[in-house]
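Peer 1: next input, structure requested:
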Amino acid sequence: QVQLVESGGGLVQAGGSLRLSCAASGRTFSSYRMGWFRQAPGKEREFVAAISASGATTYYADSVKGRFTISRDNAKNTVYLQMHSLEPEDTAVYYCAASLSRNTLPILTNEYAYWGQGTQVTVSS
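Peer 2: Residues are numbered from 1 along each chain as shown. As a prediction, the model looks like this:
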């Protein structure tokens, strides 16, 4: 089992940057594929980015490709989401999640067994 705690959210102007962190408990963090999702008010939770257990491969939603970067430090049990060129449409609660799916880069919410509590990102225009 793994517990996840996100941090780093906040209010930023359009065009700005933020880095989200997700700290994981447990000794088997390096076994999990990790993902970031987001949920805006009145909308379903959507996939943002995923990273393989080793960190060697990543995958992004089209809406964030080229602006966001997912990375992980298995020695620190932490996964990151660096966000640049933020837009008002990026406003949402951001969640990190852990998966033991067979897929190297799972993108579906039901492929993830563990979720953090979320951190709010608000981008003002």
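
Peer 1: just want the most central residue of the chain.
Peer 2: Trp36 (2.2 Å; C-alpha atoms, centre = their mean).

Peer 1: and it, that one's in a strand?
Peer 2: Yes. Remark: Trp36 belongs to a strand, assigned using DSSP: H, G, I helix; E, B strand; the rest coil.

Peer 1: and it, how far is that from Arg27?
Peer 2: Trp36 sits 23 Å away from Arg27, taking C-beta to C-beta, to the nearest Å as the criterion. (Glycine included, C-beta is placed from N, CA and C.)

Peer 1: list phi and psi for Phe29.
Peer 2: With angles defined as degrees, to the nearest 10, Phe29 shows backbone torsions of phi -50, psi -40.

Peer 1: try Ser30
Peer 2: In this entry, Ser30 is assigned phi and psi values of phi -70, psi -10 (degrees, to the nearest 10).

Peer 1: OK, contacts around Leu81?
Peer 2: Leu81 makes contacts with 19-20, 22, 36, 48-49, 68-70, 94, 96, as judged by C-beta atoms under 8 Å, 6 or more residues apart in numbering.

Peer 1: many thanks, I have nothing further to ask.
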